[in-house]
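Chemist: I'll drop the sequence and a predicted model, then ask my questions.
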Amino acid sequence: MTGSRTVASIIPASQYPSTMQGMDDEMDRMRAYVETALGASGSHGYDHILRVTRLCQVIGRVEGADMRVLIPAALFHDVARPLEEKRGLRHEEEGARVADAYLKGVHYDPALILAIAHAIRTHRYRSRATPETLEAKILSDADKLDAIGAVGIARTFLRAGEHGEGIQDAMGHIEEKLLKLKDLMYTGGARQIAEERHAFLIRFVENMEGEMGGDLE
């Protein structure tokens, strides 16, 4: 069960950069807080958080990111999704505030909190602000990567079901958004992953069109 996995099991301590050594307990407390805040699973559920965190770790190692910023930002990036759904709040803005409050409460480094909040605030495909730091760019890339490839397809149909929509709606979302994401990556590490996932997405769309004939038009 993914819900029982710790951050240390996603990102083995032996693979942490030197700046992250000994921080696994602190990260696991963050993980537990986020898991509780998210509640029920879904297209933007806790499993999405785990995958984005893992992608950030992989890309962050390639790009030389500060994991003290990147990993907390990944864990908290969608923490306010339930509030957006219930109250109409922009989850990236509210999520930055939630992370800021939590991290101040555990006496995290104030300079790092500012960078974490920026990454959360700018991670979204439709964010009003642009990622300015390396860590913010990696988080934005990782979030988009989880929307393409096999997992992205599964999440698209899950999302359609959550909104009472059908196959045509899901395919429309793929055409209108997901097929564009490959060209919106900020980092070289993400672009390499995106190429493979995008190719899989293209094959899926072609197969769907072949199987459904004119039903997608």
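Modeler: Perfect, thanks for sending it. Numbers count the residues shown, from 1 in each chain.
Chemist: which residues sit in contact with residue 202?
Modeler: If you count contacts by C-beta atoms under 8 Å, 6 or more residues apart in numbering, residue 202 has them with residue 179. Just so you know, the C-beta spots here come from the backbone N, C-alpha and C atoms, and that holds for glycine as well.
Chemist: helix or strand for it, which one?
Modeler: helix 188-212 (DSSP states H and E).
Chemist: so for that helix, what's the average pLDDT?
Modeler: On average, the pLDDT along helix 188-212 is 94.
Chemist: what comes up buried for it?
Modeler: By neighbour count with 16 or more other C-beta atoms under 10 Å, helix 188-212 contains the buried residues 189-191, 193-194, 197-198, 201, 204-205, 208.
Chemist: can you check stretch 112-123 too?
Modeler: Taking 16+ other C-beta under 10 Å as the criterion, stretch 112-123 shows 112-113, 115-123 as buried.
Chemist: Also stretch 61-79?
Modeler: 61, 63, 65-79.
Chemist: ok, now stretch 154-161?
Modeler: 155-157, 159-160.
Chemist: Out of the residues you listed, which sit inside helices?
Modeler: 155-157, 159-160 (DSSP state H).
Chemist: coming back round to it: which ones among the buried residues of stretch 61-79 are found in helices?
Modeler: Judged by DSSP H, helices contain the following of these: 61, 63, 67-76.
Chemist: pull the CA atoms of stretch 100-117 into CSV?
Modeler: Taking Å, rounded to 0.1, in the frame of the first residue of the first chain, the C-alpha atoms of stretch 100-117 are listed here in CSV:
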residue,chain,number,x,y,z
ASP,A,100,4.8,28.2,5.3
ALA,A,101,2.7,27.9,8.4
TYR,A,102,3.7,24.2,9.0
LEU,A,103,7.4,24.8,8.4
LYS,A,104,7.5,27.8,10.6
GLY,A,105,5.8,25.7,13.3
VAL,A,106,8.6,23.1,13.2
HIS,A,107,11.3,25.8,13.0
TYR,A,108,12.5,25.0,9.5
ASP,A,109,15.2,27.4,8.1
PRO,A,110,13.3,30.6,7.2
ALA,A,111,15.4,31.1,4.0
LEU,A,112,14.4,27.7,2.8
ILE,A,113,10.7,28.3,3.6
LEU,A,114,10.7,31.2,1.2
ALA,A,115,12.1,29.1,-1.6
ILE,A,116,9.7,26.2,-0.8
ALA,A,117,6.7,28.6,-0.9
